[in-house]
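> sequence-free structure coming up:
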């Protein structure tokens with residue numbers, strides 16, 4: 001039985017395919033279109049998944065889409081009437097909803113089918129239930145509390161639940177217009193970062209400031225009993241004007257959602273090209289602190305209500321790795337699972353799992369222990385590409401291979417590392433990575449100015465052999481998806497300055513031989529040579545989606561100042 005899961009007509013459109021409860025492939029549409037956060041119908045990701053499964057669309061039994069146009073429909077109409085939303089805003093939203101309704105027609109048109117050739121049963125799974133399923137049904141826990149929290153999806157921003165075996169029971173929700181994700185987005189826009197998905201920049205900027213504006217920002221979010229919260233809507237525009245969004249066939253765009261009252265509270269908003277000053281950094285620190293306060297308020301009530309010690313989290317807010325790293329210290333939860341694609345792309349997996357477990361009643365299968373579910377290429381394919389482009393390369397023995405890469409790294413070189421299957425999710429986990437020596441004090445500056453061309457305040461991640469996590473970090477935990485930030489032990493910080501953030505933390509990835517043997521072996525060889533079981537890891541891209549193919553990796557290498565490119569077993573040097 002094949003189940004195709006999709007996230008469509010929403011940012012980070014994506015697709016996945018399951019066969020008898022086991023995942024075969026998953027990818028974001030942006031990896032193929034080369035447009036960040038691409039929104040629309042993920043036809044290229046769907047075709048990739050079908051090809052990986054060796055089937056065509058006629059052989060799919062169930063299609064699960066992580067949207068339900070009928071969910072909270074009466075609330076949507078009442079809110080539109082109550083707040084006198086503009087006719088244009090209402091029409092735009094209705095068109096988007098209509099797209100989601102006509103999903104069968106999309107498949108017929110894109111795959112050139114006759115109406116009776118699509119045999120799959122189509123399931124609309126509400127957005128947050130898809131998030132819940134992507135976290136719990138993919139987790140290793142037989143019973144767990146669950147939290148889905150983001151901007152908005154199907155008119156809801158937050159949903160709590162309890163999962164047991166193959167069933168999820170919703171406990172409570174926070175609905176439009178109240179949203180912790182929207183609070184974070186509004187302040188991201190206020191601080192001059194206007195693009196969809198820029199919230200992570202505030203998280204990176206926060207350690208450079210002090211929480212001087214916590215009291216002011218706490219006015220925007222009121223904590224309520226039972227782990228709930230609400231916004232002071234006078235600081236936001238979305239209830240009166242709606243949120244003008246572009247969701248189709250391109251870059252998702254979202255207009256400003258903060259009101260003039262926020263500027264009266266904090267002062268004039270920063271312009272996009274205005275230099276960052278200390279006040280901006282202090283506001284960023286305060287935004288992060290207030291968001292954490294709300295998150296821990298929700299989680300503490302949820303833990304008390306369920307009495308469970310495990311929590312599964314998904315949704316855009318679940319990508320806040322700084323907050324995630326504090327959950328075990330500020331709540332009574334002892335175990336935390338966040339999937340590799342906790343953001344909206346992961347709802348494709350969630351919708352598929354909801355259908356398989358919740359709707360069809362099948363028992364749960366293997367937990368998702370890695371995110372290597374995307375595109376992959378053979379050495380023969382890579383060699384043919386390089387010959388066609390007249391690129392000189394080496395194909396050394398295994399021992400010489402690892403020795404050459406480590407030699408480049410220890411001589412302050414930067415390595416493009418392209419291996420195996422692409423990661424599903426927003427973070428490179430050792431298959432589509434740019435690597436450097438974490439001991440090199442200049443590595444941050446080199447990477448930011450010559451390769452990544454991004455803001456200087458943004459940190460780089462340490463990939464560490466799992467067996468050494470407790471030696472370097474104050475907290476010890478499995479962090480396979482780079483989803484948590486922990487404090488680096490003070491005595492270890494001077495050893496690895498390139499991956500130590502200003503506040504002494506690092507967003508680690510714990511690497512195992514079981515799930516990424518080649519990357520584990522490279523770090524092990526580096527450790528044998530240097531005594532440091534860590535590599536600096538950042539995503540293989542340059543202001544674009546993470547590279548998906550050898551062609552894209554080669555092009556990125558050639559237009560930047562990387563010293564070495566490793567494609568499978570093949571090495572290219574300048």
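Noted; the coordinates are in hand. This is a predicted model, so every value here is computed, not measured.

> Report the separation between the closest residue in space to residue 441 that isn't next to it in sequence and residue 10.
Counting by CB to CB, 6 or more residues apart in numbering, residue 497 is the residue found nearest to residue 441 once chain neighbours are left out, at 4.9 Å. From N, CA and C alone the C-beta is placed, and that goes for glycine too. Residue 497 is 39 Å from residue 10, where distance means CB to CB, to the nearest Å.

> more neighbours, those two?
Under the criterion of other CB atoms under 10 Å, the comparison of residue 497 against residue 10 puts residue 10 first, with 24 against 14.

> Identify the residues contacting that one.
Applying CB atoms under 8 Å, 6 or more residues apart in numbering to residue 10 gives the contacts 39, 66, 67, 127, 153, 247, 252, 344, 347.

> what are the phi and psi angles of residue 4?
Backbone torsions of residue 4, given as degrees, to the nearest 10, read phi -100, psi 120.

> ok, back up a step: tell me the confidence at the residue nearest to residue 441?
We note a pLDDT of 97 for residue 497 in this prediction.

> show me the contacts for it.
438, 439, 440, 441.

> helix, strand or coil for the last one?
Taken by DSSP: H, G, I helix; E, B strand; the rest coil, the conformation at residue 441 corresponds to coil.

> gap between it and residue 459?
Residue 441 is 14 Å from residue 459, by CB to CB.

> which of those two has more neighbours?
Comparing residue 441 with residue 459 by other CB under 10 Å, the one with more neighbours is residue 459, at 20 against 11.

> how far away is the more buried one from residue 370?
23 Å.

> again, but for residue 202
Distance of residue 202 to residue 370, computed by CB to CB: 29 Å.

> Check residue 574 too.
Here the criterion is CB to CB. By it, residue 574 lies 32 Å from residue 370.

> Tell me which of these two has more neighbours.
More crowded of residue 574 and residue 370, by other CB under 10 Å: residue 370, with 17 against 10.

> Does residue 282 touch residue 210 like I think?
Yes - contact criterion CB atoms under 8 Å: residue 282 and residue 210 qualify, at 5.3 Å.

> Could you check which of the two has the larger neighbour count?
The residue with more neighbours, out of residue 282 and residue 210, is residue 282; 18 against 13, by other CB under 10 Å.

> contacting residues for the more buried one?
209, 210, 211, 212, 213.

> got it, and residue 201?
Contacts of residue 201 (CB under 8 Å, 6+ apart): 188, 193, 455, 458.

> that's a strand at the second one, yeah?
No - membership of residue 193 in a strand is not supported by three-state DSSP, which gives coil.

> and it, how many residues sit next to it?
A count of nearby residues for residue 193, using other CB under 10 Å, gives 20.

> The nearest residue to it once chain neighbours are set aside: which element?
Leaving aside its sequence neighbours, residue 193 sits nearest to residue 201 (CB to CB, 6+ apart; 5.1 Å). Element membership of residue 201, judged by DSSP states H and E, is helix 199-205.

> just checking, next helix/strand downstream of that helix?
helix 214-218.

> Output the contacting helices and strands for that next one.
Helices and strands touching helix 214-218, by 3 or more CB pairs under 8 Å, 6 or more residues apart in numbering; DSSP states H and E, are helix 278-306.

> Okay, now the sheet partners of the helix or strand containing residue 507, with direction.
Assigned by DSSP H and E, residue 507 belongs to strand 505-511. Its sheet considered, strand 505-511 pairs with strand 461-465 (parallel), strand 484-487 (antiparallel) by DSSP bridges.

> separation between residue 156 and residue 337?
21 Å.

> count of residues packed around residue 263?
Number of residues near residue 263 (other CB under 10 Å) recorded here: 13.

> quick one: secondary structure of it?
Following three-state DSSP, the label given to residue 263 is helix.

> Please tell me I have it right and it contacts residue 237.
No - using CB under 8 Å, residue 263 is not in contact with residue 237, being 12.0 Å away.
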